[in-house]
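**Q** next one to model:
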Amino acid sequence: MKTVKIIGVPEHFNMPWHLAIEEGAFEERGIDLQWTDIPEGTGRMCQMLQDNETDLAIILTEGIVKSISGGNPTKIVQEYIATPLQWGIHVAADSNYKTVADIENTKAAISRYGSGSHLMAYVNAQNNNWNTENLKFEVVNNLSDAIENLTNGTADYFMWEHFTTKPLVDNGTFRRLDDCPTPWPCFVIAASTNFITEHNKTLHHILEIINLYTEEFKSIPSIDKTLANKYELKLEDIISWLSITKWSQSQIKEATIKQVQKQLLDLNLIEKEVAIDSLII
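**A** Got it, this is the predicted structure:
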């Protein structure tokens with residue numbers, strides 16, 4: 001049995017992996033796929049890939065492109081979610097900020113530098129024609145700490161996936177000012193170059209299995225109810241999320257990678273664009 005370490009955020013996007021693991025789909029191919037939730041998100045996962053603490057990661061496209069461009073010995077092996085991520089822009093429920101315009105030049109809570117919450121703050125600023133040099137950040141590690149920081153005023157707003165944070169909007173912890181969708185497919189499967197080189201056949205088996213699961217995922221009977229129960233989300237929200245989400249079974253397009261790099265370069269988040277074959281297999 002070949003042991004493979006894989007990481008991802010503890011969110012509904014990754015349910016196909018959990019189903020495949022629970023049903024023994026990887027074990028049938030001689031693979032002991034060990035999943036670890038990383039609530040800190042993309043920045044932490046990039047570091048774990050770089051430090052060889054994991055073999056694979058289900059990770060935000062823009063985050064891993066930035067990290068690889070900065071020298072992380074990792075590659076994108078496949079697109080995972082083919083649709084944009086809806087980033088909710090949140091403030092404390094009792095905040096005086098009423099519109100997105102109100103939070104210009106205020107402080108954004110981010111899980112860590114290089115994370116999706118960090119990079120999307122720049123995308124949101126660019127969308128609103130703000131001077132990105134005026135962006136200020138408070139590192140909060142995870143969603144729980146973001147709640148504390150917004151509540152006590154250490155930070156002013158926080159960007160996180162719309163449906164994951166919706167219970168906090170519904171219960172009056174956060175107020176959502178708007179959504180900021182990624183301009184590209186949101187999640188990819190990334191692997192350390194060591195793993196790609198040494199275990200290419202195992203990687204091929206893993207992708208083959210997960211693609212079978214994601215292709216049929218939406219047609220699983222009562223999958224909406226299963227997701228709502230597991231992730232403690234309202235059924236109506238899961239139905240809405242499923243309607244706008246598409247899983248991919250193919251490699252990310254080179255044009256998409258070029259688009260991501262161009263935007264990161266425009267925002268001064270990377271020093272230069274790197275060759276496509278440095279980013280994808």
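
**Q** low-scoring stretches of the stretch 1-150 of the chain, by residue?
**A** Within the stretch 1-150 of the chain, the set of residues satisfying pLDDT under 70 is empty.

**Q** can you give me the strands in this protein?
**A** All strands of the chain, identified by DSSP state E, fall at 2-8, 31-37, 56-60, 74-81, 86-92, 107-110, 136-139, 157-161, 174-181, 187-192.

**Q** could those strands go into CSV alongside distance to K225?
**A** All C-beta atoms are positioned from the backbone trio N, CA, C, and that covers glycine. Rendered in CSV, the data for the strands of the chain read as follows (distance: least, CB to CB, whole Å):
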stretch, distance to K225
strand 2-8, 22
strand 31-37, 22
strand 56-60, 23
strand 74-81, 21
strand 86-92, 22
strand 107-110, 33
strand 136-139, 37
strand 157-161, 20
strand 174-181, 25
strand 187-192, 23
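
**Q** export those strands to a markdown table and tack on distance to Q259 and mean neighbour count?
**A** Compiled in a markdown table, those are given as follows (distance: least, CB to CB, whole Å; neighbours: other CB atoms under 10 Å):
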| stretch | distance to Q259 | mean neighbour count |
| --- | --- | --- |
| strand 2-8 | 24 | 18 |
| strand 31-37 | 29 | 16 |
| strand 56-60 | 15 | 27 |
| strand 74-81 | 13 | 22 |
| strand 86-92 | 17 | 22 |
| strand 107-110 | 23 | 23 |
| strand 136-139 | 24 | 14 |
| strand 157-161 | 20 | 25 |
| strand 174-181 | 14 | 18 |
| strand 187-192 | 14 | 28 |
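
**Q** what residue lies at the spatial centre of the chain?
**A** With distances taken as CA atoms, centre = their mean, L60 lies nearest the centre of the chain, 3.7 Å away.

**Q** how about stretch 273-280: buried residues?
**A** 273-274, 279-280 (16 or more other CB atoms under 10 Å).

**Q** to clarify, my last question referred to stretch 259-266.
**A** By neighbour count on 16+ other CB under 10 Å, the buried set for stretch 259-266 is 260-261, 263-264.

**Q** could I have that stretch exported to PDB, CA atoms only?
**A** Listed next in PDB are the C-alpha coordinates belonging to stretch 259-266 (Å, rounded to 0.1, in the frame of the first residue of the first chain):
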ATOM      1  CA  GLN A 259      -4.500  35.300 -17.400                       C
ATOM      2  CA  VAL A 260      -3.700  34.600 -13.700                       C
ATOM      3  CA  GLN A 261       0.000  35.500 -14.100                       C
ATOM      4  CA  LYS A 262      -0.800  38.700 -15.900                       C
ATOM      5  CA  GLN A 263      -3.200  39.800 -13.200                       C
ATOM      6  CA  LEU A 264      -0.800  39.000 -10.400                       C
ATOM      7  CA  LEU A 265       1.900  40.900 -12.300                       C
ATOM      8  CA  ASP A 266      -0.300  43.900 -12.800                       C
END
